[in-house]
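Colleague: Here is my input; please provide its structure:
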Amino acid sequence: MKLLLNSLLILAFLFITPFSIYGQTNFTRKQYAYKFAVECPIQKCTLNGKKIDSIEFIAPANSKFVLIDAKGEYYIIRFFVSESKNQKKTIADYSLYNYYLITKFQFEFKSYPLGSSDYDLVFGSIYTPIKVRSNPFDFSKDFTIGSTFGLRRNLDREKQLGIDLLIGIGLSSVSLDSFSTSGKVYKPIDVLAFTPALGLVAEIGNAQVGFFCGSDMLNAQNGVRYDWIYQGKVWWSFGIGYTLVSFDVKK
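Modeller: Below is the predicted model of the structure:
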């Protein structure tokens, strides 16, 4: 029975993980449009990155530009040009574009992606290794493997820091014994339970850690048969995120 239970949980984890990997591939894309947070020095150049003269210009804060190419220690950029949505460009129109050089240091320090949001949608898989139960109080090694989705609040422009509010569903391995079944089970056994959960996760770079609360529910037959005292009651746990994938909520 225990071998069958562990096999089912492993299969559930293998089923969940590919969707997380697919999501990471599907929603990762190159960013080309940016915006200056503060004033930035730039120099006029050709499309190939050759400086036209030594005159230095100042790009104003909040100006929007497109990243064209990279040349050594510089990026080649072009500022947005206002135009009618229905207007079609000719080859001559493109010859009027002005291109500028900006150092990579200035680019990283003073610009941020245009259209990026303070919020991202997230989904992935979560593993909770231990649970704290109450009424009566107990620690258990019952663990849950499941899928989660929710909303992430980005705390920095580089999206290296964030807080996730998650909703999850999964399968749990629940240990039943004489204490938790009011004497109906004499020899400890493991059974499967359906588990909905809520979580708050802190993300730092590629690491995730957070706290979760949820409830384990045996199926109707086992619930009546074993009279489990924690059926549907809230538990608390910390979680380790193996895969949390995010993508922008567009403004």
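
Colleague: ok, K184 to V174 distance?
Modeller: Between K184 and V174 the computed distance is 14 Å (C-beta to C-beta, to the nearest Å). In this view, the C-beta of every residue, glycine as well, is placed from N, C-alpha and C.

Colleague: again, but for E203
Modeller: Taking C-beta to C-beta, one finds E203 at 29 Å from V174.

Colleague: can you give me the strands for the stretch 151-251 of the chain?
Modeller: 161-176, 189-204, 207-215, 234-248 (DSSP state E, counting those that start in this stretch).

Colleague: Could I get the ones you listed in CSV, plus columns for mean neighbour count and mean pLDDT?
Modeller: Shown next, in CSV, are the strands of the stretch 151-251 of the chain (neighbours: other C-beta atoms under 10 Å; pLDDT from 0 to 100):
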stretch, mean neighbour count, mean pLDDT
strand 161-176, 20, 90
strand 189-204, 18, 91
strand 207-215, 17, 87
strand 234-248, 19, 70
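
Colleague: And these: which comes nearest N98?
Modeller: Smallest distance to N98 across the strands of the stretch 151-251 of the chain (C-beta to C-beta): 29.2 Å, for strand 234-248.

Colleague: Could you point out which residue ranges in the chain have low pLDDT?
Modeller: Along the chain, the model assigns pLDDT under 70 to residues 1-31, 82-96, 115-117, 157-158, 239-251.

Colleague: Okay, domains of it per the record?
Modeller: 2-29+116-248, 33-113 (automatic domain parsing).

Colleague: right, so the ones you listed: which one is the most enclosed?
Modeller: domain 2-29+116-248 (a mean of 17; mean count of other C-beta atoms under 10 Å).

Colleague: Now do the SS call for F105.
Modeller: Per DSSP: H, G, I helix; E, B strand; the rest coil, the secondary structure class of F105 is helix.

Colleague: For F79, see how far away it is.
Modeller: 20 Å.

Colleague: Then E39?
Modeller: E39 is 14 Å from F79, by C-beta to C-beta.

Colleague: Tell me the residues that contact both of these two, please.
Modeller: Common contacts of E39 and F79 (C-beta atoms under 8 Å, 6 or more residues apart in numbering): A59.

Colleague: Skipping adjacent residues, who's closest to D53 in space?
Modeller: K44 (6.6 Å; C-beta to C-beta, 6 or more residues apart in numbering).

Colleague: got a list of what that neighbour touches?
Modeller: 51-53, 55, 57, 98-101.

Colleague: Tell me the one among those residues nearest to G150.
Modeller: Using C-beta to C-beta, the contacts of K44 come closest to G150 at Y100, 40.5 Å.

Colleague: Make sure that closest one is actually in contact with Q43.
Modeller: Yes: between Y100 and Q43 there is a contact under C-beta atoms under 8 Å: 6.3 Å.

Colleague: what residues are shared contacts of the two?
Modeller: F57.
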